[in-house]
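In: just the structure for this:
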Amino acid sequence: MTFEPVIGIEVHAQLRTRSKMFCGCATAFGLPPNAQTCPVCLGLPGALPVVNARAVEMAVRTGLALNCTVRATNQFARKNYFYPDLPKGYQISQYDLPICEHGWIALTLNGTTKTVGIRRAHLEEDAGKNLHADQRTGSFVDLNRAGTPLLEIVTEPDVHSAEEAVTYLKSLRDVLMYLDVCDGNMEQGSLRCEPNLSLRPVGSDALGTKVELKNINSFKFVKDAVEYEIARQTKVLTEGGTIHQETRLWDVNRGQTVVMRSKEDAHDYRYFPDPDLLPVSLDDAWVDGLRSTIQELPKDRYQRFTSDYGLPDYDAGVLTSARALADYFEACVALFAEPKIISNFVMSEVLRELNQSGSPVESSPVSPERLVELLRLVHDGTISLNVAKELFPELYAGDQSATQLVEAKGLRQLSDETELQALVDDVIEKHPAQVEQYQGGKEGVLGFFVGQVMKASKGKANPQKVNVLLKTRLSQ
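Out: Numbering: from 1, shown residues only. Below you'll find the predicted structure:
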């Protein structure tokens, strides 16, 4: 019997608010343990929560971008469970009345487009973090993160492979970052994903027993964990075994999933409306106003980059993966109408320097104006593309313009045809044997002559013009 994977994915996106979901404590990352806490996020008796309006706004904008229905009235509930990092003994979340539901997102994979349904997107608060660095002195709890606003986005079971899972997560991350509601940093826990995976016989509509996968903080690990779990469950079922409903952790070092605990059902959490919080009522006009603020999303921008600029799918995918990068590219095109030339240079030289310096593109010391000046020097034949690539690190690190660097280093390309013709004639005269080979049909020898001319010019000769002059001269 062959089996089909059925995968639903839960994503917890940390919202980019300056304060927590129900109190005024900051949400900054990396502070000393318990440095940003108060009676509310510590769960002290008598402390009352107040809803963060900015988090509600971000949730609605995200829901609209994901084609969801926004509930005019939604409600917070208490999700009851006991764990050391949950100071109140319950988590404030949403259950039967989530803020957004019934949406979808379109994915393109291997040239095929499919839709993944969004079952719900609801607001909740994050828990704290248990610290086990030195178990000789015991474990500790850091509640800096407790109360941080999260938007949990849950798909329908519409994903059927590890590759689809990664494509969905990347597409969702792009949307969240375009909206500026989440920074998408998986390593710091700003974006956490939990695939729920089961197998069923091919052709069956019934769902199998699902396993939830946790502790996954990169797209690579998502792919590895899902592929491993598909193989593990296939082996169990093929051998006549039973899949247990459980939560499993991805062990990076061992490259396998391991049991964490048995998986709870919703009734185990004993949800009930939070008596300290009134239902949240959203005005239709206010929601429509937020809808009007949503700018062009990654999928639409990708399609425009391929149609308006004629970029290949790969280029468009890279350039629209982040809004700031797409803005940078379009600012360059507005100054210099050569999209493919700009695309190639941005994806290779610009992104390499940004990655090495750990800087976002919006902080690039090479503005669109400075980059375009460099590319114009290539386009008009002043310097070669190779010279431009060699100069770019200096352009990135310093404050000189591209023209100033070219002049200071004496790198202006030799394009005068009279001077080039003299070099070509001299090289041909010195290599009669190679001339005879070329004229005898060995056209590959042309590269030898180009190399000799470039050597004679100390690399400054315009290679395109050299090629033309050599072919003309050798055919005489």
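In: who's in contact with Arg270?
Out: Asn80 (Cβ atoms under 8 Å, 6 or more residues apart in numbering). Quick note: C-beta positions are derived from backbone N, CA and C, even for glycine.
In: host element of Val181?
Out: Val181 belongs to no helix or strand when assigned by DSSP states H and E.
In: would you quantify the distance from the residue nearest to it when sequence neighbours are not counted to Gln233?
Out: In this structure, Val181 finds its nearest non-sequential neighbour in Met58, 4.2 Å apart by Cβ to Cβ, 6 or more residues apart in numbering. Distance, Met58 to Gln233, using Cβ to Cβ, to the nearest Å: 36 Å.
In: for Cys193, same thing?
Out: If you go by Cβ to Cβ, the gap between Cys193 and Gln233 works out to 19 Å.
In: neighbouring contacts of stretch 399-419?
Out: By Cβ under 8 Å, 6+ apart, stretch 399-419 touches 370, 373-374, 377, 381-384, 387-388, 391, 394-395, 398, 420, 457, 460-462, 465, 469.
In: can you map out the strands along the stretch 201-350 of the chain?
Out: For the stretch 201-350 of the chain, the strands defined by DSSP state E, counting those that start in this stretch occupy 211-214, 246-251, 256-262, 272-273, 280-281.
In: mean pLDDT lowest where, among those?
Out: Mean pLDDT across those is lowest at strand 256-262; the value there is a mean of 91.
In: mind giving me the domain split of the chain?
Out: 7-204+270-286, 298-409, 417-474 (automatic domain parsing).
In: could you check the pLDDT of the nearest residue in space to Pro201 that is not next to it in sequence?
Out: Ranked by Cβ to Cβ, 6+ apart and with sequence neighbours excluded, the top spatial neighbour of Pro201 is Met1, at 5.6 Å. pLDDT for Met1: 77.
In: swap in Gln135?
Out: 63.
In: pull the longest helix from this protein.
Out: Determined from DSSP state H, the single longest helix within the chain is helix 219-238.
In: run through who's touching that one.
Out: Identification of contacts with helix 219-238 by Cβ under 8 Å, 6+ apart yields 1, 3, 5, 7, 161-163, 165-166, 169-170, 186, 193, 195, 197-199, 208, 211, 213, 216, 242-243, 248, 250, 252, 255-257.
In: if I look at Ser204, how far off is Gln233?
Out: From Ser204 to Gln233 the distance is 15 Å (Cβ to Cβ).
In: what does Arg192 give?
Out: Applying Cβ to Cβ, the value for Arg192 to Gln233 is 23 Å.
In: of the two, who's got more company?
Out: Gln233 (22 against 18; other Cβ atoms under 10 Å).
In: low pLDDT regions in this structure?
Out: 134-135 (pLDDT under 70).
In: what is the lengthiest strand in the chain packed up against?
Out: The longest strand of the chain (DSSP state E) is strand 112-125. When contacts are defined as 3 or more Cβ pairs under 8 Å, 6 or more residues apart in numbering; DSSP states H and E, strand 112-125 sits against helix 53-65, strand 90-93, strand 100-109, strand 149-155, helix 162-179.
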